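Asks: quick check, what structure comes out for this input:
(one chain, ligands or ions: 1)
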Amino acid sequence: MAQTWSPYWNPKIETLPKDQLRALQLKRLQALVQRAWSESPFHRRLYERAGATPDRIRTLDDLRRLPFMTREDWMANQAEKPLFGDLCTRPPADAIRYHLTSGTSGRQPLRVLDGRKDWSWIADMWCYGFWGFGIRPVDTVFFAFSYGSFIGFWGAHYCCEKLGCLTLASGNMTTEQRVKQIVELGATVVCATPTYALRMGQTAEKMGIDLRKDGKVRKVVVSGEPAGSIPAVKRMIEDMWGGRCGDTAGMTEIGTIMIFECEKQPGGPHIIEDHFIEEVLDPDSGEPVPYGERGERVVTSFGRGFIPLIRYRTKDLVCKVPHTRCSCGRNGDLYEGGILGRVDDMKLIRGTNVYPRAVEAIVREFKEVEEFQIVITRADVQDEITVKIELKTDQQHAWGALGPRLGKDLADAHEGLRFNIVLSPPGELPRFELKAKRLQDLRPTM
Ligand SMILES: [Zn+2]
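Replies: Predicted structure coming up:
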């Protein structure tokens, strides 16, 4: 007998009328600020400097009386008081987990500690997302990802245990082995970065495996890169896998995800608003922008006990639209198009703004493309932007028409800016499992 499930992980809270949701947020915000004030020396100093005290939070708008928290402050605090700074509300001995950011940018990694209760919450946030995207206890979930010191996807693994899904981790496998396992096991859900979901699809093709026919995957859950909400990337993943592709996004500073796509997929993920307040602000002025306008996400998170996160500047670019845009009945507002990029991602080339995500969205419209890379250089005083393209092995003949068309499409989308389009031989460009780094800015720094 087929079982009928609620579409919501937390039916009552996810469908609360907005005014009741706001009242719940206020109660949680007051408790959070009080806790940060009395238990985190880092926050106490920050608030004393700004003349902000917990009793001043009487309405949700009062959140704006509190100072921002930045990654720079956090890192400086850790450097001053190694290893963890004095931001945590509990001593390290009370923690059960220690994670680090990937540190790929050459900066000191950010170090985070969590307790048992925190991990239960971290898994629960993933449950909102997995359940909301239609994943159920009967599913078999394959993680095409290597869990390690980086927090990514760990929470999703525990979420699957909570849901009762059969789960297989694959940190020790090559891409070919993963593809084989997914088919052999009959996995119905695959979790990966969008880049890696594409790469597994390409590898399957080369192995002569048609994932649509040979596999049983009905959902691909992606995370870790903004590309999961680029329509062309989503379509490519869905074409390769024969299942729906759902985006999620989180960050080490939060420890879990704060947005997820529901099954209706109205063009962007929902914010989990009973656990997060997501402000969208003008990155320069710090003033809120209205619905439908781009701005920087600033997050306040209620659930992590060890690490109070209040008005944290994420540098993620987003565009918030009302929850009513989606027909699923959830009260969480949406980020149209997901995470649109980073505030500091923008490159200025000969007076024109270029966002790597926008370039990717255009490049991915060409199905013949297997991999690409953006390289920015400076010759004398003039900046040059080059897009290196690697075509699928059996699509080399397409180059003659594709190169000029891609150049034209990119120029049209960038006020006529000339992009150099270069063909790279198969296998030359770097491949990624975790966060793809497809942009190289080789201009001298002054
Ligand atoms: Zn929805």
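
Asks: shaky segments in the protein?
Replies: 1-3, 103-106, 446 (pLDDT under 70).

Asks: can you tell me which residues in the stretch 151-300 of the chain are near the ion?
Replies: Applying CB under 5 Å from the ion, we find that the stretch 151-300 of the chain lies next to the ion at 262, 264. Using the backbone N, CA and C atoms, a C-beta is placed for each residue, glycine as well.

Asks: let me see the ranges of the strands in the stretch 151-300 of the chain.
Replies: 166-169, 189-192, 219-222, 244-251, 256-260, 270-271, 276-281, 294-301 (DSSP state E, counting those that start in this stretch).

Asks: which among those strands is found nearest to residue 326?
Replies: strand 270-271 (6.9 Å; CB to CB).

Asks: contacting residues around the closest one?
Replies: Residues outside strand 270-271 that contact it (CB atoms under 8 Å, 6 or more residues apart in numbering) are 132, 258-262, 278, 320, 323, 326, 328, 330, 332-335.

Asks: and which of those residues is nearest residue 365?
Replies: Once CB to CB is applied, the member of the contacts of strand 270-271 that ends up nearest residue 365 is residue 261, at 21.0 Å.

Asks: state the distance from that closest one to residue 130.
Replies: Residue 261 sits at a distance of 11 Å from residue 130 (criterion: CB to CB, to the nearest Å).

Asks: show me what the lengthiest strand in the chain is packed up against.
Replies: Selection of the longest strand in the chain by residue count, based on DSSP state E, yields strand 309-321. Contact here means 3 or more CB pairs under 8 Å, 6 or more residues apart in numbering; DSSP states H and E; on that basis strand 309-321 packs against helix 18-39, strand 276-281, strand 294-301, strand 334-335, strand 341-342.

Asks: any idea which of these is most buried?
Replies: strand 334-335 (a mean of 27; mean count of other CB atoms under 10 Å).

Asks: who's in contact with that one?
Replies: Under CB under 8 Å, 6+ apart, the answer for strand 334-335 is 259, 266-271, 318-323, 325-326.

Asks: and those residues, which are buried?
Replies: 259, 266-271, 318-321, 323, 326 (16 or more other CB atoms under 10 Å).

Asks: okay if I get the residues you listed as TSV plus distance to residue 152?
Replies: Shown next, in TSV, are the buried ones among the contacts of strand 334-335 (distance: CB to CB, whole Å):
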residue	distance to residue 152
259	15
266	26
267	25
268	21
269	17
270	20
271	20
318	20
319	24
320	24
321	27
323	27
326	26
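
Asks: against residue 347, how distant is whichever residue of the stretch 1-150 of the chain sits closest to the ion?
Replies: Of all residues in the stretch 1-150 of the chain, residue 132 sits closest to the ion, at 7.4 Å by CB to the ion. Going from residue 132 to residue 347 by CB to CB gives 35 Å.

Asks: residues contacting residue 98?
Replies: Applying CB under 8 Å, 6+ apart, the residues near residue 98 are 92, 111, 112, 113.

Asks: one more time with 6 Å
Replies: For residue 98, the contact set (CB atoms under 6 Å, 6 or more residues apart in numbering) comprises residue 113.

Asks: ditto for residue 100
Replies: Going by CB under 6 Å, 6+ apart, the list of residues near residue 100 reads 109, 111, 149.

Asks: for it, give me phi and psi.
Replies: Main-chain dihedrals, residue 100, degrees, to the nearest 10: phi -130, psi 150.

Asks: use 9 as the first number for this chain going forward.
Replies: I'll keep to 9 as the first residue from here, and by that count the last item is residue 108.

Asks: and it, what are its bridge partners?
Replies: Judged by DSSP bridges, the bridge partners of residue 108 are residue 119.

Asks: the closest residue to the ion within the stretch 159-308 of the chain and residue 254, how far apart?
Replies: The minimum distance from the stretch 159-308 of the chain to the ion, using CB to the ion, falls at residue 270 (3.3 Å). As defined by CB to CB, residue 270 lies at a distance of 8 Å from residue 254.

Asks: ok, residue 13 next?
Replies: With distances taken as CB to CB, residue 13 is found 17 Å from residue 254.

Asks: quick check: residue 394 touching residue 383?
Replies: Yes. At 4.7 Å, residue 394 counts as touching residue 383 under the criterion of CB atoms under 6 Å.

Asks: list the contacts for residue 92?
Replies: Applying CB under 6 Å, 6+ apart, we find residue 92 in contact with 119, 121.

Asks: surely residue 142 meets residue 269?
Replies: No. Assessed by CB under 6 Å, residue 142 is found out of contact with residue 269, at 10.1 Å.

Asks: more crowded one of these two?
Replies: Per other CB atoms under 10 Å, whichever of residue 142 and residue 269 has more neighbours is residue 269, with 29 against 16.

Asks: and the gap between that one and residue 38?
Replies: Relative to residue 38, residue 269 is positioned 31 Å away (CB to CB).

Asks: could you flag which of the contacts of residue 108 are buried?
Replies: Buried among those by 16+ other CB under 10 Å: 117, 119.

Asks: okay, the contacts of residue 108 in TSV with distance to the ion next?
Replies: Listed next are the contacts of residue 108 as TSV, based on distance: CB to the ion, whole Å:
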residue	distance to the ion
117	35
119	35
157	34
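
Asks: figure out which of the helices and strands packed on strand 317-329 is closest to residue 228.
Replies: Closest to residue 228 of the helices and strands packed on strand 317-329, according to CB to CB: strand 342-343, at 19.4 Å.

Asks: please see if the closest one touches the ion.
Replies: No. Contact of strand 342-343 with the ion is not found when judged by CB under 5 Å from the ion; the minimum separation is 7.5 Å.

Asks: now that strand, how far from the centre of its chain.
Replies: Distance of strand 342-343 from the chain centroid (CA atoms, centre = their mean, to the nearest Å) equals 13 Å.

Asks: could you do stretch 353-368 as well?
Replies: On CA atoms, centre = their mean, the centre of stretch 353-368 falls 20 Å from the chain's centre.

Asks: can I get it in CSV, CA atoms only?
Replies: Extracted C-alpha coordinates of stretch 353-368, given in CSV (Å, rounded to 0.1, in the frame of the first residue of the first chain):
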residue,chain,number,x,y,z
ASP,A,353,33.3,38.2,-7.3
MET,A,354,32.6,41.0,-9.7
LYS,A,355,35.5,41.8,-12.1
LEU,A,356,35.8,45.1,-13.8
ILE,A,357,37.1,44.6,-17.3
ARG,A,358,37.6,47.7,-19.4
GLY,A,359,34.8,49.4,-17.5
THR,A,360,32.3,46.6,-17.8
ASN,A,361,31.2,44.5,-14.8
VAL,A,362,31.7,40.7,-15.3
TYR,A,363,30.3,38.1,-12.9
PRO,A,364,31.7,34.6,-13.3
ARG,A,365,28.3,33.1,-12.6
ALA,A,366,26.8,35.1,-15.6
VAL,A,367,29.6,33.8,-17.8
GLU,A,368,28.9,30.2,-16.7
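
Asks: give me the contacts around it.
Replies: For stretch 353-368, the external contacting residues (CB under 6 Å, 6+ apart) are 234, 349, 382, 391, 393, 422, 423, 425, 447.
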